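Novice: I'll drop the sequence and a predicted model, then ask my questions.
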Amino acid sequence: MLRIRFNTAAAAGVAIASSGPVRQRIMLGQCESAAVSIALPDRIRDMFALSSGIGGVSASAIRARMMTAVAAGAASAFETFDPDVVNWWTAIGTSNISLLTVAAADDIVVGLKAAGLWTNIYMLDLCCGNGLTQALTRLKVPGGVSASYTNAGFTSGNYAERGSTGGMTGDANTKYLNSLINPSALGWSATSFGVFVYVRTTETAPGGSGVNYTIFGSDTSSSLNNETSLTNFNGGNDRGAIGGNNQHAGGSPGNNKGFYGVVTNGSASAQLYRNGSAIGSAASMSGGFFSGNLLKHGLNQGGSPVQLTERTLSTTILTSGLSGAQVTALYNLVQAFETALGRNV
């Protein structure tokens, strides 16, 4: 698979437009050559495998122009997608996602690797693709874990990839996603762990005052032991826990939107973040992980889904411990991805 990325100022056989990066022109469906402007399809699996012409130009002529550029030394005109992106793209079906979205996914993965964060990522859920099945397929999961969430109740009508309604919208009643990830069983440490979720909407509090709505999490029982979660307490502050025994890092204002995260980094002190900045005070956690799977759009409480949220959620990431600077770097990459899909808040 080839990702066309004209990074050079000029390449033999290819005329580079002076107005704006040609990469964007390619992504938006315009490829300019010295002789003709070629309209390209939205999805391109392999430009060299074209079986028919485009825009009145034969497939052989298109291939010839591309090969001319490569043969003339413009190797940097062609850049492969990151291998992890290619594997994910193949898994969801190359015709089931637009090239624009794949390019945005590639940008975040390449950015994570360049920032030295990729090895910290346990799970990367970009919540994108043409349909519900694709949106449930995560780009990175721990070994032995299915790439797809187990879906409880979500339908195609609850999902949109782009725009003001982009993301997966819950109902605070029956809908949640089982991550199939049990941190305890995987041997992860509660003193070096992070949960991050892009929250696109606020809660209307359908359950009334004083009700918790969990974005992502699990705990042992209603006493909130061994709790790992991102939660909004209706009428109070947003809060988070990593292995807490009814202990939470809180932040104000509550019931807000943005990229939320709670993380421990080498100690039992958990810090809550919003949009790359710490909010509120860190809180000491005295418990560990509940031996059960983490849920998205709700809380796995001793094996039962509770505290389900109606919020619209998108990019979700599980990590090992991160510093404040690393959390800021992570936010910048996620915000760029969400912006590329027109669903940033």
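Specialist: Looks like it arrived, so ask away. Bear in mind that the values here come from a model prediction, so they are computed numbers and not experimental data.
Novice: Remind me what the host helix or strand of L100 packs against, helices and strands.
Specialist: Per DSSP states H and E: L100 is located in helix 99-114. Helix 99-114 is packed against strand 3-4, helix 22-27, helix 83-92, strand 121-125, helix 324-340, with contacts defined by 3 or more CB pairs under 8 Å, 6 or more residues apart in numbering; DSSP states H and E. For the C-beta atoms, the positions are set from N, CA and C on the backbone; glycine is no exception.
Novice: looking at the ones you listed, which is closest to G250?
Specialist: Closest to G250 of those, according to CB to CB: helix 324-340, at 17.0 Å.
Novice: which outside residues touch that closest one?
Specialist: 100-101, 103-105, 107-108, 111-112, 115, 117, 120, 126, 194, 196, 198, 259, 261, 263, 271, 273, 275-278, 314-315, 317, 319, 322, 344-345 (CB atoms under 8 Å, 6 or more residues apart in numbering).
Novice: Stretch 105-124 now?
Specialist: The contact list for stretch 105-124 (CB under 8 Å, 6+ apart) reads 3, 81-82, 84-85, 88-89, 126, 128, 138-142, 179, 181, 188, 316-322, 326, 329-330, 333-334, 336-337, 340.
Novice: contacting residues around G321?
Specialist: Neighbours of G321 in contact, by CB under 8 Å, 6+ apart: 120, 191-194, 263-266.
Novice: swap the cut-off to 10 Å and go again
Specialist: Listed by CB atoms under 10 Å, 6 or more residues apart in numbering, the contact partners of G321 are 120, 189, 191-194, 242, 263-267.
Novice: ok, those vs G298, which is closest?
Specialist: Comparing these against G298 with CB to CB places I242 closest, at 17.6 Å.
Novice: pLDDT value on the closest residue to D84 other than its chain neighbours, please?
Specialist: In space, and not counting its chain neighbours, D84 is closest to V109: 5.8 Å by CB to CB, 6 or more residues apart in numbering. Reported pLDDT at V109 in the predicted model: 95.
Novice: How about A9?
Specialist: If you check A9, the pLDDT there is 33.
Novice: How are the helices of the stretch 101-250 of the chain distributed by residue range?
Specialist: Secondary structure of the stretch 101-250 of the chain (DSSP state H, counting those that start in this stretch): helices at 132-135.
Novice: per-domain residue ranges of this protein.
Specialist: As given by automatic domain parsing, the domain ranges for the chain are 3-79, 83-340.
Novice: can you count the residues close to the residue nearest to D84?
Specialist: Using other CB atoms under 10 Å, V109 has 24 other residues around it.
Novice: Thank you, goodbye.
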